[in-house]
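Q: Task: produce atomic coordinates for the following.
(3 chains)
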Amino acid sequence: MSVSRNYEREFVRTFFTSPTAVEGEDDSAKMLRRAAELRGMQAPDVWIPDNEDATAPSMRDEGAENIVEVVAENGADFPGEIHPRIVWHREDPTTRYQGFQYMLEIADPDNGAVEHIDGFVVPEVGDIDDWKKADEFLTIVEREHGLEEGSLSMSVIVESGEAELAMGDLREEMGKPSNNLQRMFMLVDGEVDYTKDMRAMTPTGELPPWPELRHNTSRGASAAGLIAVDGPYDDIRDVEGYRERMKENRAKGMTGIWSLTPGQVEVANKAPLPPKEGSWLLRFDGKEVELRSEDGREVYDGDAVELEEASDGTYELEVGNDEFELDEDGLHEKLVDMTAYVPSMDDIVDSMEEFEAAKESGKGAIAMTQSATVVIDGIEVELSKDRMWDEATYQAAQTPITLFQDVYEHRPDQHEELEELYGSDVVERATDVGA
Amino acid sequence: MSVSRNYEREFVRTFFTSPTAVEGEDDSAKMLRRAAELRGMQAPDVWIPDNEDATAPSMRDEGAENIVEVVAENGADFPGEIHPRIVWHREDPTTRYQGFQYMLEIADPDNGAVEHIDGFVVPEVGDIDDWKKADEFLTIVEREHGLEEGSLSMSVIVESGEAELAMGDLREEMGKPSNNLQRMFMLVDGEVDYTKDMRAMTPTGELPPWPELRHNTSRGASAAGLIAVDGPYDDIRDVEGYRERMKENRAKGMTGIWSLTPGQVEVANKAPLPPKEGSWLLRFDGKEVELRSEDGREVYDGDAVELEEASDGTYELEVGNDEFELDEDGLHEKLVDMTAYVPSMDDIVDSMEEFEAAKESGKGAIAMTQSATVVIDGIEVELSKDRMWDEATYQAAQTPITLFQDVYEHRPDQHEELEELYGSDVVERATDVGA
Amino acid sequence: MSVSRNYEREFVRTFFTSPTAVEGEDDSAKMLRRAAELRGMQAPDVWIPDNEDATAPSMRDEGAENIVEVVAENGADFPGEIHPRIVWHREDPTTRYQGFQYMLEIADPDNGAVEHIDGFVVPEVGDIDDWKKADEFLTIVEREHGLEEGSLSMSVIVESGEAELAMGDLREEMGKPSNNLQRMFMLVDGEVDYTKDMRAMTPTGELPPWPELRHNTSRGASAAGLIAVDGPYDDIRDVEGYRERMKENRAKGMTGIWSLTPGQVEVANKAPLPPKEGSWLLRFDGKEVELRSEDGREVYDGDAVELEEASDGTYELEVGNDEFELDEDGLHEKLVDMTAYVPSMDDIVDSMEEFEAAKESGKGAIAMTQSATVVIDGIEVELSKDRMWDEATYQAAQTPITLFQDVYEHRPDQHEELEELYGSDVVERATDVGA
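A: Numbers count the residues shown, from 1 in each chain, chains lettered A, B, ... in the order given. Modelled structure (predicted):
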């Protein structure tokens, strides 16, 4: 039997869950059907028909049938991967057995859905031996249904201390002949249940930030060749907070995030892509302000930083509560320290091409320069910042481009939006560079 | 032989150490006797007669005798658990053998103390094999004295890199037939010695914050079903700092903390309990200010945030150095973002009951609303904040209630103070909810 | 064969890399020769002739020859240890075999260099089995060349998730009879490649701070008796940032750092040594300002904190946007909270001697007092701060002194600069105390 599975994505930006059966609707599969029609930036990289927490326990049998029906009908045209979440619990064999039965049903080729299903998401896993139980059930499902061994991927939700520790064991367990853990695809944090499992409390009931969990998930994914995905961001209205969280995550190597609505999917699909236009940042007092670009100059409009020229040609710079008296060189140096440049997609491609050419001609390292005219209180200061690029810098800088190329290859439905965003010239160069 | 041990506490708020023998006093056991008389909020959840660092090496033989004498006499009436700390060192067999001998002596039923002793605290442990050595000695102590195998708990002080790593191995070692590590009870950080062991330095000699150690201790406790306790907070005078540390710890899932004085015990026993009254917070510039409640309005009294209404009906909001011009909706939205509500015990019980009722009637998720009138510079703004509650939210919110119930069940000596604090109606509802 | 190896350093402050062969120069070994002549504070604790990333692939054969030549000639007089870095990659057997061949060549006693070489640095390692491959090659090199088994140290660059995890396994693997991992010396973070391996991204292309990696490296070093070294700080011009990074690192127990220039070596050799003069800090709003010492008074010159005496003898203290009305005691207490003292080398030695004397006379704990006259807006406030010292405080405070003694013992070329810095009296007392 031939299937077109593609859990070969190198990056997953968006993990979008839909309830599988909603009570009290004419069509209990309404949410599934709506999700199956998403296209372009509103369509996630992976779609999770969620037959666990998003669906009431009493509706899960119907939910499994709905998954089969909707995926059989719409799966071929859906632009992302499809990974249903089934029930599971490290402490409850009954729930595990239910999860097994749902997988058997959903993956039955007679039902017509499995050829569009890339794998399953297993929540509430415990230590590595518990992961192996789910893996074994998948192996049996594959054998029973005549599917190739390992063809169904497995992703887990990390929502317990045991599971966090298990991510450190995964790499060495994956190669063992008695399991098929090579099917592992995503490590997904589930901070609500993790918070419960860790018995953590905050005065307001908000979730703790769990930076160590996110680091360990990202590291576990890196060590085992998997993909790290952060949990849900509950405050759907707070787009700025969602973006901030993703920025933090990317600095940890965690590129993907859960999305609860098509709106969040759109924001999260775009967030890891380099910006269309470069921009300059001014940093002070632990804050970062983006300067306004105007006629090729970068203007600071705030009040927290003030600059004045004295009659003797020196400068007085006020930064929050600190005052500095500086000569021209001192001012230049201070502002070089206080500024940073956010390169555009175009800039990154330029730098990579420049470095590739230099390497071709035998150079191991070159200096890249960024210049700007920064304006504070009407005073213009010319800045230029150098950065040395060597092979390692080049490769680290390549990550957003590799991500872009992965998106471009696997998501033709987003080509149009990408070309609108960047222009077709930049898109073309970005798909070619570094290959 | 029948003993009344109760290291079945789910939570430990306070870990209070007393020197076992003080030189130059008429009664070298004075500190022990005083501690044994503590009751109510000044009495700790676990009391540690400390025959290690708190007691001079030359006084430890006498200290062990004092433990036996004072616990035999007062142990039956002490409201918390009793876990003497004995000497131990991962790098010194002589010290380990001394620790074994002290345990043999203290646990000898002929001495009359062991029936009130819940376990032992073992400091300076190393890797997991070192933990097993202490466990083996406890097994021998139990056999020699005719005590049930595993009836004495073991808690360790994590004060080395090895011990930190061992917490990751504990879960899988605990089940093995060749040890009795199921007796494990508390994982306690010891930051002073840990700092020495890690060879860390700060300019002022203050302890580093060690967030990763605390995370790993909390995770280790969660994975192995144990209780995580933070180390001593040296600056006894600094109650605010102590509270801040505990708040951080709870956000990591570490509910307990070392207490050096009955005053610290009282503060730490109360800290994890939800407040009597709810309150509103205003957040800006990385700070958090509690608003003053007055006639049902929440008033900001500071200068860092300023609000003015312009003649055209728009608002000017100044937050630190940032200025915002906002219409009424914009102002509302901005303040919703800047505020957070800290629920009271009563609020939490209300929300849980409301969710339970909704679940009963077949709903999986409901919105909880909090409303307030916030006043800045005399201008009143009506706010309301929604939060979706589902099963996972419910269970995570339950942690402070479970803690309260654990306290209520095991600490009858605190009932009166709890009723004074919350009123008997709230106490009753809080002991019933979620059961 | 007798060699004078000394990878017995307890601390490594500086890890200085030099390209082994530069193209287009008359003498391709120019950089090596220059580095070999460094002495005193500009000479690193460990010098890394870098036949990996710092040297173009096409120049590495010549680089290996240069190492042999320059080290044979200058190694005897070089004041630090010498640890060449060879090529290696966890995912590429060809690169590993090349690394083996370079080690065979460089360590060949016929070439005259090996007696001055303390070990090798192995980059790009993976999991612990990969570390064993490098260790095995070193064992073969030793056997082939008639060197004592384990006499060549091995240090690794941690620049992958696998290697980060491997640090948790090291302690238990080191004792096994089938390897010689006891030769391990330094664990060195390599954040550029680590960032690439973790696929992390920041908007500006700057490196993420990776606090968890640094913690895990420090912990791994502590657990296995090794030395933790942080990776390169690229912005050579930014001395303040480099110092700030080292301060953070020391609070994590990571004392060493990569140095890219003799200038960085000098800064990093001095950074972990206690200061010549003590100083007072004022802390507010998450910032820390050093007070200016003048005629025995500590003066605050900034504008962020303001102090005024009212006519009724009370005080008004403004801290950023917060205002406090305080009586004299309240002011004293507030300023005790807001200040901290950074002890000088002399102070630390004093405190240690004082505690040793107290211990001698039977006391287990004593209070150390620091007093100062703090001046804000012309108003003088007398402060005194107490701190309890017990055995654990003493031992934790000892770390900078132990470091100083390690430096003093192994780096006679720095004696003169140390005596200039501290005065010979303080140097003498610091070398004697705590021994």
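Q: okay, CA-based contacts and neighbour counts for the rest of this
A: Fine.
Q: show me what contacts residue A:321?
A: Listed by CA atoms under 8 Å, 6 or more residues apart in numbering or on different chains, the contact set of residue A:321 reads C:302-304.
Q: any chance of those in JSON lines, plus pLDDT?
A: Putting those into JSON lines (pLDDT from 0 to 100) gives the following:
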{"residue": "C:302", "pLDDT": "87"}
{"residue": "C:303", "pLDDT": "85"}
{"residue": "C:304", "pLDDT": "87"}
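Q: can you narrow these to ones near chain A?
A: Subset of the contacts of residue A:321 in contact with chain A: C:302-304, counting by CA under 8 Å from any CA of the partner chain.
Q: Give the residue spans of the stretch 301-435 of chain A that score low on pLDDT.
A: For the stretch 301-435 of chain A, no stretch is flagged by pLDDT under 70.
Q: Which parts of it are helices?
A: Using DSSP state H, counting those that start in this stretch, the helices of the stretch 301-435 of chain A run over A:328-338, A:345-360, A:391-397, A:399-410, A:415-422, A:424-432.
Q: Tabulate those (JSON lines), appending distance to chain B and mean neighbour count.
A: JSON lines is the format used below for the helices of the stretch 301-435 of chain A (distance: least, CA to the nearest CA, whole Å; neighbours: other CA atoms under 10 Å in any protein chain shown):
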{"stretch": "helix A:328-338", "distance to chain B": "17", "mean neighbour count": "15"}
{"stretch": "helix A:345-360", "distance to chain B": "30", "mean neighbour count": "18"}
{"stretch": "helix A:391-397", "distance to chain B": "26", "mean neighbour count": "21"}
{"stretch": "helix A:399-410", "distance to chain B": "27", "mean neighbour count": "19"}
{"stretch": "helix A:415-422", "distance to chain B": "29", "mean neighbour count": "15"}
{"stretch": "helix A:424-432", "distance to chain B": "36", "mean neighbour count": "16"}
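Q: out of those helices, nearest to chain C?
A: helix A:391-397 (4.4 Å; CA to the nearest CA).
Q: Relative to the whole chain's centre, how far out is the strand or helix carrying residue A:155?
A: Secondary structure assigned from DSSP states H and E places residue A:155 in strand A:153-158. Centre-to-centre, strand A:153-158 and its host chain are 15 Å apart (CA atoms, centre = their mean, to the nearest Å).
Q: ok, now stretch A:329-346?
A: 28 Å.
Q: Is chain C within reach of that stretch?
A: Yes - contact between stretch A:329-346 and chain C, assessed by CA under 8 Å from any CA, occurs at A:340-343.
Q: Test my guess that residue A:377 contacts residue A:306.
A: Yes - between residue A:377 and residue A:306 there is a contact at 6.5 Å, judged by CA atoms under 8 Å.
Q: Now list whatever residues contact both of these two.
A: Common contacts of residue A:377 and residue A:306 (CA under 8 Å, 6+ apart): none found.
Q: interface residues of the stretch 101-250 of chain A facing chain C?
A: Residues of the stretch 101-250 of chain A lying close to chain C (CA under 8 Å from any CA) are A:168, A:212, A:215, A:218-220, A:222-223, A:247, A:250.
Q: Quick one, grab the pLDDT at the spatially most central residue of chain A.
A: Residue closest to the average C-alpha location in chain A (CA atoms, centre = their mean): residue A:256, at 1.9 Å. On pLDDT, residue A:256 comes in at 97.
Q: That one reaches residue A:231, doesn't it?
A: No - using CA under 8 Å as the test, residue A:256 is too far from residue A:231 to be in contact (9.0 Å).
Q: separation between residue A:24 and chain C?
A: Relative to chain C, residue A:24 is positioned 44 Å away (CA to the nearest CA, to the nearest Å).
Q: ugh, wrong one, residue A:87
A: 30 Å.
Q: Checking that residue next. Helix, strand or coil?
A: coil (DSSP: H, G, I helix; E, B strand; the rest coil).
Q: Quick check: the residue of the stretch 1-150 of chain A nearest chain B.
A: For the stretch 1-150 of chain A, the residue closest to chain B is residue A:56, as judged by CA to the nearest CA, at 6.2 Å.
Q: Thank you kindly, that will do.
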